[in-house]
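*Asks:* kindly return the folded structure for what I paste below:
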Amino acid sequence: MKKHLLITLKYAAFWGIAEATLGYILHFVQFTTGLRDISGFVMFPIGLFFMLLAYRETGDEASIFYTGLFAGVIKLIDLFIPGLPKGATINPAMAIVIESGIVFAGMRYLKPSRIVYYLPLLSPIWRTVFVLALLISPVSKGILYKGHVAVLYFILIEGIVSGLLCVPVYKWVEGLRKTRIKLHPTLTLPLILLALIVEFITNIH
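*Replies:* Next up is the predicted model:
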């Protein structure tokens, strides 16, 4: 059990670092080029990559959810940034946890041999659940403020595209001979601290 915890923490930290660094770069590209929501297409497949690595290393589907849960907790460090709206932190963290929960359910309850065919559907599903969660959220309505067109674009266009991108990610992980990122257990805590620092620094404005 302790070993599984360290494994999920490890991949959650890598996921958190990827969210902070690549997510920051993609948002910067969007801002400077005007290209719409690139991050919405690629960040879910990247999250899936780390969830699948955790699952392959532990052999336990629950590690998929816990990897996302811990990655979401890492995101919450941004609550300590002065002046940053709480919704800008809580909503992305909530999205990470929801998507990991949907992937976990898909991996556990769908036929493993056919999961690759269902992957394109998991992205629109978690996005729909996320939008429903925003409806009852007391913190921030997030994308709901942008109107129905933006919500439909988020669920359908971004959802379907990112879901299709998940297919080659899944096949790639399945084809890896070594399905883990080696890390000595004593380095797990420093890696978590690094993820927290990177997340905090990249979101200071």
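
*Asks:* my guess is residue 171 meets residue 116, correct?
*Replies:* Yes. Using CB atoms under 8 Å, residue 171 makes contact with residue 116 at a distance of 6.7 Å. C-beta here means a position set from N, CA and C on the backbone, and glycine is covered the same way.

*Asks:* averaged pLDDT, the helix ranked longest in the chain. What do you get?
*Replies:* For the chain, the longest helix by residue count, based on DSSP state H, is helix 2-33. Helix 2-33 shows a mean pLDDT of 87.

*Asks:* rewinding a little: more neighbours: residue 171 and residue 116, which one.
*Replies:* residue 116 (14 against 11; other CB atoms under 10 Å).

*Asks:* in the longest helix of the chain, what's buried?
*Replies:* Within helix 2-33, the residues that qualify as buried are 4, 6-20, 23-24, 26, counting by 16 or more other CB atoms under 10 Å.

*Asks:* what do you get for stretch 38-50?
*Replies:* In stretch 38-50, counting by 16+ other CB under 10 Å, buried: 39-50.

*Asks:* what's the lowest-mean-pLDDT helix or strand in the chain packed up against?
*Replies:* Ranked by mean pLDDT, DSSP states H and E, the weakest helix or strand in the chain is helix 2-33, scoring a mean of 87. Applying 3 or more CB pairs under 8 Å, 6 or more residues apart in numbering; DSSP states H and E, one finds that helix 2-33 contacts helix 38-58, helix 62-75, helix 87-109, helix 188-202.

*Asks:* redo those as a markdown table? Include mean pLDDT and distance to residue 126.
*Replies:* Shown next, in a markdown table, are the helices and strands packed on helix 2-33 (pLDDT from 0 to 100; distance: least, CB to CB, whole Å):
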| stretch | mean pLDDT | distance to residue 126 |
| --- | --- | --- |
| helix 38-58 | 91 | 8 |
| helix 62-75 | 96 | 10 |
| helix 87-109 | 93 | 4 |
| helix 188-202 | 93 | 21 |
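
*Asks:* pick the most deeply packed of those.
*Replies:* helix 62-75 (a mean of 24; mean count of other CB atoms under 10 Å).

*Asks:* what's in contact with that one?
*Replies:* The contact list for helix 62-75 (CB atoms under 8 Å, 6 or more residues apart in numbering) reads 4-5, 7-9, 11-13, 15-16, 19, 47, 50-52, 54-55, 57, 89, 92-94, 96-97, 99-101, 103-104, 107, 192, 195-196, 199.

*Asks:* show me what contacts the residue nearest to residue 144 when sequence neighbours are not counted?
*Replies:* Spatial nearest neighbour of residue 144, excluding adjacent residues (CB to CB, 6 or more residues apart in numbering): residue 134 at 5.3 Å. By CB under 8 Å, 6+ apart, residue 134 lies in contact with 91, 140-144.

*Asks:* good, we can wrap up now.
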